[in-house]
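Engineer: Sharing a sequence plus its predicted fold:
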Amino acid sequence: MHDDKTIEGFRKWKYVLLSFIIFLLLSTACFLIFNKSINDQKEAKLKQLEIAANLTYEDFKKIVRHNVISLEDMRDRIIESNGDFKVFLESDTKRILRQSQSIKFIEYIDSTGIINFIAPFDANQDALNLDIKTLDYRYPSWRINSKDTMTNITSWVNLTQDGKAFLIDVPVYYNEQFQGTISAGMDFKNEFQNISSKQNLFSVLLKDELGNVFYSYNSPQPEDFKEEQVFRQEWNPISQKAEAWSFEFMFYSNNELHATGAQNLILFLGIFLSFLIAVLVYFFMFSHKQSLQYMLMNQKLFILNEELEKEKLKAENASTAKTQFLSNMSHEIRTPLSAILSISEILEGKKLSASEKEFLRLMQNSSRVLLNLVNNILHIDKIESGKVELSKEIFSPFNALKKIVEIYARAATSKGIEVITNFDEFQNPKRVLGDLSRTEQIFTNLISNATKFTEAGKITITYNENIYKGRLKINFKISDTGVGIDQSQIKIIFERFKQLDFGSTKKYQGSGLGLAITKTLVALMNGTISVESKIGVGSTFAVSLDYPKIKDHNEIKKLRHYQDLSHLNVLIVDDNILNQKILEKILSKCKIKPHLSKDGDDALLKCTSNRYDLIFMDVHMPGKDGFEIVQQLRVMDNTAVILGFSADVTKEAIERGIKAGMNDYLTKPIEQETLFGFLNKYFS
């Protein structure tokens, strides 16, 4: 008894449990991708830090060396002239001081330790004639280092004439005797600052051999960073000496190594989309379960007598309600989904980092997967009712296929699957007249299935074009090394809602409609589709289609150009504020500043007091719907171009809108290219 209750409880909650598992899996994938992106970003930032640090370090070394060399050059001129150049000491010193920002003063200390020359004089007169033998911190090291004829530099010290500086001593020897030193006080802050100010993202900290800080930029806080996040380098300002300075280079803030607000927002949107997909899966499975129950009921009704006719009618009505339920649910999901897709298109125009663009693509791809699932549910109903009509537009089947492959190749390679194509053979693909949307749907369904059912190996896609009697015949073949299909199941896979692992333990996601729709569309386009498969080896699907060929072979790539339509008076009528804002943002690209209205009565009032050139009319609104408002506007002789828009994509809704007086009808989510196409059509 206890086991029976457990089984019954599982049957009752299995759809909820399965939807929850799907949500957890998708959310986990979002978190993994998010963490991978943040780690990659951190590695790139640390590489950037290392490059900037090395460049700054080398520039600082050149500055110090350049200033020391200027003193050594003066020493060399005195030695070469056997001391005669001393008469030019004042003029040469002035030249060096003009050329260097870092040298604060230059002095000549004779062999007895007396400063008998210093420049500039006014700021340093207290040091003139100073006997450095009285300075314990100065004379001993000066005397010792002067004897070895090598240039010497002190630590960062306090000066007699106030301030701090490094003291550089360049010994002067001629006539085989020590004559004194050319000494200078140096402070490299200004020259270092010129370099550091160009790198505001970073901080710099310099210390002498005693640990005294003699230069810092951007308030460095090395203790806030891990060891590997700080670039450290020991630096010998005088190459022959053992004393070393410490050079530390780091980011101004450790926030540079953390996730940005935009990245966190994209993570949230990814989790939110995961939730929406899980909810849709739940409702789909629940409705499918209901559908199976109604089918069994209908089979029983066929064998009942006339007394059960009423029960049969009830079951048919319930089946109709089920279809309406699916339509309503699809409409309700498409409405917020249109906002997400429109916002993502707006974000594409913003300046984003590489990781942010990656998350944006993740959001768009997930949204389109969800939208495709909703469309499949509606589309199979339209196919069965005979309401599908093929459109005619000029396009390249090869370019359409290439675009779909690029979308799914990323998912395949992330699973370790190799994607092989023969696309490099096509340099000048042909254009045809046909239904681009249905062609793309055929390609999408077959490539999506190959990616989904292949866990390892490769996917091979071949495409060929042949011209015959003015028509272009294309042959598309996709082979995979996936799970394969048993020969007895080949026919079943083309039936709607059929999957080979269908059940409560099914491994692969999907509506079970893709191949059914694909086969029907191929038949509508007078093409053929075939499949060869073997369990454990893989499957090969082959599709053959032909179209009327377009004679113009030179396909011109049209660059997006936004017209200046600021002269138009435009009204947006929609009870959804978010939809208003998104459409307003898109129209701003054409410099249009529309008026906004939230219901039918307000729209009619605005139209009586304003003359509008263009009106965007939502179909489903509380009170008066869009059809009624358009009819009243046309009765009032309103001549504005009226574009209806709605998530209701049924042929009946579109025909009703045109009949009511709409010039054209847009479906949500609104594609920007479609919208701009209508603007060019009516206002070019």
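Structural biologist: Received the coordinates, thanks.

Engineer: just checking, what packs against whatever helix or strand residue 106 lives in?
Structural biologist: For residue 106, the element it lies in under DSSP states H and E is strand 103-110. Using 3 or more CB pairs under 8 Å, 6 or more residues apart in numbering; DSSP states H and E, the elements in contact with strand 103-110 are helix 2-80, helix 89-99, strand 115-119, helix 121-124, strand 177-186. Bear in mind the C-beta positions are built from the backbone N, C-alpha and C, glycine included.

Engineer: Tell me which residue lies farthest from the centre of the protein.
Structural biologist: When distances are taken from the C-alpha mean of the chain, residue 175 lies farthest, 73.0 Å away, according to CA atoms, centre = their mean.

Engineer: In this structure that residue contacts residue 82, no?
Structural biologist: Yes: shown here, residue 175 and residue 82 form a contact pair, counting by CB atoms under 8 Å, at 6.9 Å.

Engineer: average pLDDT for stretch 522-534?
Structural biologist: The average of the pLDDT scores along stretch 522-534 is 91.

Engineer: Tell me which residues of that stretch come out buried.
Structural biologist: For stretch 522-534, the neighbour count (16 or more other CB atoms under 10 Å) marks 522, 525, 527, 529, 531, 533 as buried.

Engineer: With stretch 670-680 instead?
Structural biologist: Taking 16+ other CB under 10 Å as the neighbour-count basis, stretch 670-680 is seen to contain the buried residues 670, 672, 675, 676, 678, 679.

Engineer: Out of those, which comes closest to residue 447?
Structural biologist: Within these, the smallest distance to residue 447 is 25.0 Å, found for residue 672 (CB to CB).

Engineer: Helices - which of the buried residues of stretch 670-680 land there?
Structural biologist: The helices, defined by DSSP state H, take in 672, 675, 676, 678, 679 from the buried residues of stretch 670-680.

Engineer: List the contacts of the second one.
Structural biologist: Yep, that's residue 675 we're talking about. Under the criterion of CB atoms under 8 Å, 6 or more residues apart in numbering, the contact list for residue 675 reads 586, 666.

Engineer: Would you quantify the distance from it to residue 669?
Structural biologist: In this view, residue 675 and residue 669 are 11 Å apart by CB to CB, to the nearest Å.

Engineer: From the structure, what's the count of residues near residue 218?
Structural biologist: Number of residues near residue 218 (other CB atoms under 10 Å) recorded here: 18.

Engineer: thinking again about what came up before, pick the one among the buried residues of stretch 670-680 closest to residue 184.
Structural biologist: Proximity of the buried residues of stretch 670-680 to residue 184 was ranked by CB to CB; the top entry is residue 672 with 66.1 Å.

Engineer: That closest one is in contact with residue 587, isn't it?
Structural biologist: No: under the criterion of CB under 8 Å, residue 672 makes no contact with residue 587, lying 10.2 Å away.

Engineer: pLDDT score assigned to the residue nearest to residue 450 when sequence neighbours are not counted?
Structural biologist: Excluding its sequence neighbours, the residue lying closest to residue 450 (CB to CB, 6 or more residues apart in numbering) is residue 480, at 4.3 Å. With respect to pLDDT, residue 480 scores 94.
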